[in-house]
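# Please find the sequence and the predicted model below.
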Amino acid sequence: MKGKKFDQGKTWFWFLPWEAIDAIARVMMHGADKYEVNNWKYVKPPIRYVDALYRHLNLWCSGEKVDKDSGLPHLAHVGCNAIFIIWLELKGILKCPKQ
C-alpha cells in the first residue's frame, strides 16, 4: 500500500486562500492586543458582529480600503466578523434576528 492516504471525506484546508486567512488573523491579533485574547466570544449581544460586518463593508463600498483604527483592510475585518458570526451560530449563541 505504498503512497496510499485514506483522507476521503476529510476537510481540504488547502482550498483556503491563505493570503486572506492571514489578513483575517492579523485583524484578530489587533483585537487581542486591543481587548484580550478571545474577548470576542463574550461580547453581548453577539448580534453586534453583524453590525460590525456591515459597517466595514459599507466603508469599503464607500471607497475606504483601510480601517483607520487598525490600519488593516476593511475586508479583512468583514472576514473576521463573518468568522465570528459563523462560530457563534454553530455554537447556538447567535441566530438571525429574523428567525
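Looks like it came in fine. If you're wondering where the values come from, they're calculated on a predicted model, not measured in any experiment.
# low-confidence ranges in the protein?
Flagging of the chain using pLDDT under 70 yields the residue ranges 99.
# all helices for it, in order.
18-34, 48-61, 74-90 (DSSP state H).
# Highest mean neighbour count out of those?
Ranked by mean neighbour count under mean count of other Cβ atoms under 10 Å, those are led by helix 74-90, which reaches a mean of 19. From N, CA and C alone the C-beta is placed, and that goes for glycine too.
# Tell me which residues are up against that one.
20, 23-24, 26-28, 31, 40-41, 46, 49-50, 52-53, 56-57, 59-60, 64-67, 70, 94-95 (Cβ atoms under 8 Å, 6 or more residues apart in numbering).
# and the gap between the most centrally placed residue in the chain and residue 42?
Nearest to the geometric centre of the chain sits residue 80, at 2.0 Å (Cα atoms, centre = their mean). Here residue 80 is placed at a distance of 16 Å from residue 42 (Cβ to Cβ, to the nearest Å).
# ok, now residue 81?
16 Å.
# what about the closest residue to residue 77 other than its chain neighbours, distance to residue 86?
Among residues not flanking residue 77 along the chain, residue 56 sits closest, at 4.1 Å (Cβ to Cβ, 6 or more residues apart in numbering). With distances taken as Cβ to Cβ, residue 56 is found 16 Å from residue 86.
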